[in-house]
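Asks: Fold the following for me, if possible:
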Amino acid sequence: MTEVGRMSAKSLILMFAVVVLAVACSPQPPEYFGPPQASMFPIPPEPLFSRVSPAAINSDAFAKRQPLPGQRGYLETIRFIDSGVKYIDPFAEFFISPEGKMCFRGLVNRQLLEFENYQNYWCINPEFVNNVEELQNSITSVNRVRLWCVLEAPQCARRIGFWNFLDESPQISNSISAETRPSKEQRAAIEHLIYLMGGNVRRASASIR
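Replies: Residues are numbered from 1 along each chain as shown. The predicted model follows:
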């Protein structure tokens with residue numbers, strides 16, 4: 001290969017690497033039912049939600065109980081929780097998966113911000129949630145909610161998506177933590193949704209309009 005040919009090959013490789021990095025780090029994430037972003041890493045064996053129909057998301061088939069008068073309904077509660085996480089991060093999401101799990105996307109169980117590109121979801125079965133905790137942050141004033149697994153089902157939280165260097169050790173997968181606002185009302189809404197979906201958290205409270 002000539003010197004010119006070697007330089008051209010190097011230029012093409014460099015250009016390809018830049019394009020891949022730009023796409024993988026793009027601030028505009030796909031919808032959960034849209035095409036996944038390009039990644040330098042292999043796709044894990046778990047199916048991505050981008051492969052399912054949008055109609056399978058937030059299915060009311062998982063609403064096992066009716067709300068009492070004055071309480072939010074199933075879909076309204078999901079929208080309220082989704083709005084709470086989007087208030088902090090417009091690219092974040094909350095939804096019910098086709099398998100009936102409560103899922104968060106965005107800076108969830110965050111350890112290394114630079115490795116999060118919104119291609120991952122943390123999901124938990126509502127019947128495996130022991131309690132929902134409100135975590136206050138006096139420094140940033142951005143509070144969190146944390147959904148803890150029951151003792152009988154430790155590590156019940158699952159990350160689905162692309163490998164991205166984030167910690168998945170047992171102490172992390174014992175719960176799901178997400179920034180949201182207003183955290184107290186969001187905590188009550190999550191507890192209410194768990195009730196509607198057949199779960200029983202230790203501190204059950206109604207989600208009032």
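Asks: Please make it C-alpha for all contacts and neighbour counts, starting now.
Replies: OK.
Asks: where does this protein have low pLDDT?
Replies: 1-53, 107, 109-118, 162-172, 203-209 (pLDDT under 70).
Asks: For it, which segments count as helices?
Replies: Assigned by DSSP state H, the helices in the chain fall at 3-24, 74-88, 183-196.
Asks: buried ones in stretch 88-101?
Replies: 88, 91-98, 100-101 (16 or more other CA atoms under 10 Å).
Asks: oh, I was asking about stretch 68-75
Replies: So for stretch 68-75, counting by 16+ other CA under 10 Å, buried means 71-74.
Asks: Ok, stretch 121-141 next?
Replies: Here stretch 121-141 shows 121-135 as buried, counting by 16+ other CA under 10 Å.
Asks: Rebuild the buried residues of stretch 68-75 as CSV, extending it with distance to Glu152.
Replies: Formatted as CSV, these follow (distance: CA to CA, whole Å):
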residue, distance to Glu152
Gln71, 30
Arg72, 30
Gly73, 29
Tyr74, 27
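Asks: out of those residues, which one sits closest to Ile160?
Replies: Nearest to Ile160 among the buried residues of stretch 68-75, counting by CA to CA, is Tyr74 at 23.9 Å.
Asks: and the closest one, what is it in contact with?
Replies: 60, 63, 67, 193, 196 (CA atoms under 8 Å, 6 or more residues apart in numbering).
Asks: And the residue nearest to the third one when sequence neighbours are not counted, its phi and psi?
Replies: To tie it back to what came earlier, the one meant is Pro67. The spatial neighbour of Pro67 that comes closest, neighbours along the chain excluded (CA to CA, 6 or more residues apart in numbering), is Gly73 at 6.0 Å. Phi and psi for Gly73, reported as degrees, to the nearest 10, are phi -80, psi 180.
Asks: circling back to that earlier point, nearest to Ser183, of the buried residues of stretch 88-101?
Replies: Of the buried residues of stretch 88-101, the one sitting nearest to Ser183 (CA to CA) turns out to be Ile88, at 10.9 Å.
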